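Engineer: pasted the sequence and its predicted model underneath.
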Amino acid sequence: MTDFLWETSVLIDAMKARPIGTGLPGGINGISIDSRTVEPGDAFFAIAGDRFDGHDFLTNARKAGAALHIVSERRLPALGRLQAPMLVVDDVLAALGRLAEAARARSKAQIVAVTGSVGKTTTKEALRHGLAANGASVHASAASFNNHWGVPLSLARLPAETRYAVFEIGMNHPGEIRPLVKLVRPHVAIVTLIAAAHLGHFRDLDEIADAKAEIFEGLVTGGTAIVNADDPKSVKLASIARSVGVSKVSTFGEANGADFRLTDFEASADGATMIAEIAGTTVSVDLAMSGRHFAQNTLAVLGAASLMGADVEAVAAELAGWQPVKGRGQRYHLPMPSGGEIQLFDDSYNANPASMRAAIATLAQARLGEDGRRIAVLGDMKELGGHSHDLHAGLADPLREAGVSRLFLVGEEIAPLAQALAEDDMTVSMHASPKEAQESLLTDMRAGDAILVKASRSIGLESVVEALVSRFPPPAKLDVPPAPIQTAEEAAEPQNDDEQPENPTR
């Protein structure tokens, strides 16, 4: 049994590569496409992207400890006297795809793939966490590595002996999921929800559903599609699944007849308790988040776990108290210098109308301190096309129902929301930048407040969260575990809301 992720001889065969140079290693420990994330013993894949070409950073990768360099035949003459063990291929990204195919072929893992308009990453991370119950080995795609390079990279990194593997697959145009899911070939494919995300690229929700349903085309024979019974598009999704040969379609939700059904949900200011029927087993989970949408995601996780043969009760126990990752619903208690605290809900990673409404509903559940208020710092929702005006203005009613009394708005597309609230008692201010909103918020906020921060990622509202957490450091014990250190690959993701990172190689 080798300790390598990949033996070099297997890499050569899988990628149809030509070895050159001296000192070829016996194998590699990991794979990187970003010279800033290379660890000693890794293979560095010099992918040529839109912004950077990895061939320009081979020396950096070598200095960082890369044991092997995967390079393009076309670029080889320009590499000069680079003294490094190399595998030469026709196209580096295509070679990574071939290695991903080899990883899937050798794997005996139970594999689940996740897509949807909202909740993909949270569901993927909950699966990663829950399936690790009782020490099971789990591999999952990092961050939102869900596109044409992220999925092959995540799959190529799959260790041979992994028991469960979880892959997120995203899209913002038709046809993007199909080739990726055919690489992954999952045993279970989840569509979390069809919602008004990326409407700038689609005519309507039916077209979005068609694109998301491509995930069913890659299911292995006998695999199961999981759709949200509470989603109006669930019937359409199930029909598409059956039309492409999927015989097993399961549902999750609160609707009568759902295979994985939420039977009770009780929210509080500090979390929620959910009870569900999962394949004949009644399970209870104490959630650290009060939003009902987190319970929906958890149903999908428990259902997928049951289909993959995991111990559902153990998975439920593992999920108790689990928190979402940075920017996707984290909650901080920030002490104020004069006493008391504010609650900060960091949902700054992305936004679309469905996730906005869910986050506002979570803010409505927050327990306020004396004289506290519900405050929202919201920014543009991108990629809504001609629907943008109405969908932004449509957030007025959820804000009213949540009892929000102070609203800071950042961007241009969100201006219709200010207009929709013009006759309300709510105090609304427009800001040209996150910095401007941050300065106004710092002047206005007080102990007892609960503050939600949310926008499409391109607006950059994470800087508001970072400023508040830096200025008012939370105590050592948070509502959430410390955020993982951001890798350079994550940092290089483009600032948009489609969760489709381009190649960050450098």
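Structural biologist: That came through fine.

Engineer: how about the contacts made by T115?
Structural biologist: Listed by C-beta atoms under 8 Å, 6 or more residues apart in numbering, the contact partners of T115 are 146, 168-171, 177, 189-192, 212, 215. Placement of C-beta: from N, CA and C, glycine included.

Engineer: could you do M308 as well?
Structural biologist: Applying C-beta under 8 Å, 6+ apart, we find M308 in contact with 110, 112, 131, 164, 187-188.

Engineer: remind me which residues of the stretch 401-506 of the chain are low pLDDT?
Structural biologist: The stretch 401-506 of the chain contains residues with pLDDT under 70 at 476-506.

Engineer: and the strands in it?
Structural biologist: 404-410, 427-431, 450-454 (DSSP state E, counting those that start in this stretch).

Engineer: please apply the same query to the stretch 51-200 of the chain.
Structural biologist: So, for the stretch 51-200 of the chain - with DSSP E, counting those that start in this stretch - the strands run 68-72, 86-89, 110-115, 138-140, 164-168, 188-191.

Engineer: which one of the ones you listed lies nearest to T251?
Structural biologist: Among the strands of the stretch 51-200 of the chain, strand 188-191 comes nearest to T251, with 10.6 Å by C-beta to C-beta.

Engineer: next helix or strand past the closest one?
Structural biologist: helix 205-212 (DSSP states H and E).

Engineer: pull the distance from that following helix to the chain's centre.
Structural biologist: Offset of helix 205-212 from its chain centre (C-alpha atoms, centre = their mean, to the nearest Å): 19 Å.

Engineer: and the contacts of M308 as JSON lines, adding neighbour count, distance to H387 and pLDDT?
Structural biologist: Formatted as JSON lines, these follow (neighbours: other C-beta atoms under 10 Å; distance: C-beta to C-beta, whole Å; pLDDT from 0 to 100):
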{"residue": "Q110", "neighbour count": "21", "distance to H387": "39", "pLDDT": "98"}
{"residue": "V112", "neighbour count": "30", "distance to H387": "31", "pLDDT": "98"}
{"residue": "L131", "neighbour count": "29", "distance to H387": "37", "pLDDT": "97"}
{"residue": "Y164", "neighbour count": "24", "distance to H387": "38", "pLDDT": "98"}
{"residue": "H187", "neighbour count": "22", "distance to H387": "36", "pLDDT": "98"}
{"residue": "V188", "neighbour count": "26", "distance to H387": "32", "pLDDT": "98"}
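
Engineer: quick one: which of those is nearest to R74?
Structural biologist: V112 (37.1 Å).

Engineer: distance of the closest residue in space to the closest one that isn't next to it in sequence relative to A314?
Structural biologist: Distances taken as C-beta to C-beta, 6 or more residues apart in numbering place V188 nearest to V112, at 4.3 Å, with adjacent residues excluded. Distance of V188 to A314, computed by C-beta to C-beta, to the nearest Å: 18 Å.

Engineer: wait, A450 sits on L368?
Structural biologist: Yes. Counting by C-beta atoms under 8 Å, L368 is a contact partner of A450 at 5.9 Å.

Engineer: dump the residue contacts of the closest residue to F57 other than its chain neighbours.
Structural biologist: Setting aside the residues directly before and after it, F57 is nearest to S35 in space (C-beta to C-beta, 6+ apart), at 4.1 Å. Counting by C-beta under 8 Å, 6+ apart, S35 touches 44, 54, 57-58, 60-61, 64, 66, 505-506.

Engineer: now with 7 Å, please.
Structural biologist: 44, 57, 60-61, 64, 506 (C-beta atoms under 7 Å, 6 or more residues apart in numbering).

Engineer: buried subset of these as a PyMOL selection?
Structural biologist: Buried residues among the contacts of S35 (16 or more other C-beta atoms under 10 Å), as a PyMOL selection:
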select buried, resi 44+57+60+61+64+506
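
Engineer: from the contacts of S35, pick the one nearest V465.
Structural biologist: R506 (26.3 Å).

Engineer: and the residue lying farthest from the centre of the chain, how close does it get to T59?
Structural biologist: Note on the chain: the largest C-alpha distance from the chain mean falls to R81, namely 40.9 Å (C-alpha atoms, centre = their mean). To T59, R81 is 11 Å away according to C-beta to C-beta.

Engineer: circling back: more neighbours: A450 and L368, which one.
Structural biologist: Per other C-beta atoms under 10 Å, whichever of A450 and L368 has more neighbours is A450, with 24 against 15.

Engineer: for the more buried one, which non-adjacent residue is spatially closest?
Structural biologist: A366 (3.6 Å).

Engineer: can I assume the one you found is in contact with L452?
Structural biologist: No. The pair A366 / L452 is not scored as a contact, 8.5 Å apart, by C-beta atoms under 7 Å.

Engineer: the two: who's more crowded?
Structural biologist: Remark: of A366 and L452, L452 carries more neighbours, 28 against 21, as counted by other C-beta under 10 Å.

Engineer: you'd agree the more buried one is up against A376?
Structural biologist: Yes. Counting by C-beta under 7 Å, L452 touches A376, with 4.7 Å between them.

Engineer: mutual contacts of the two, please.
Structural biologist: 360, 363.

Engineer: circling back to that earlier point, can I get the strands of the stretch 51-200 of the chain in TSV including distance to G339?
Structural biologist: Shown next, in TSV, are the strands of the stretch 51-200 of the chain (distance: least, C-beta to C-beta, whole Å):
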stretch	distance to G339
strand 68-72	57
strand 86-89	62
strand 110-115	43
strand 138-140	42
strand 164-168	42
strand 188-191	45
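
Engineer: between the ones you listed, which one is nearest to P152?
Structural biologist: Judged by C-beta to C-beta, the one of the strands of the stretch 51-200 of the chain that comes nearest to P152 is strand 164-168, at 10.3 Å.

Engineer: by contact count, what packs against the closest one?
Structural biologist: Secondary-structure packing of strand 164-168 (3 or more C-beta pairs under 7 Å, 6 or more residues apart in numbering; DSSP states H and E): strand 110-115, helix 120-131, strand 138-140, helix 150-156.

Engineer: re earlier: please report how far the residue nearest to V112 lies from F345.
Structural biologist: Taken as C-beta to C-beta, the span from V188 to F345 is 31 Å.
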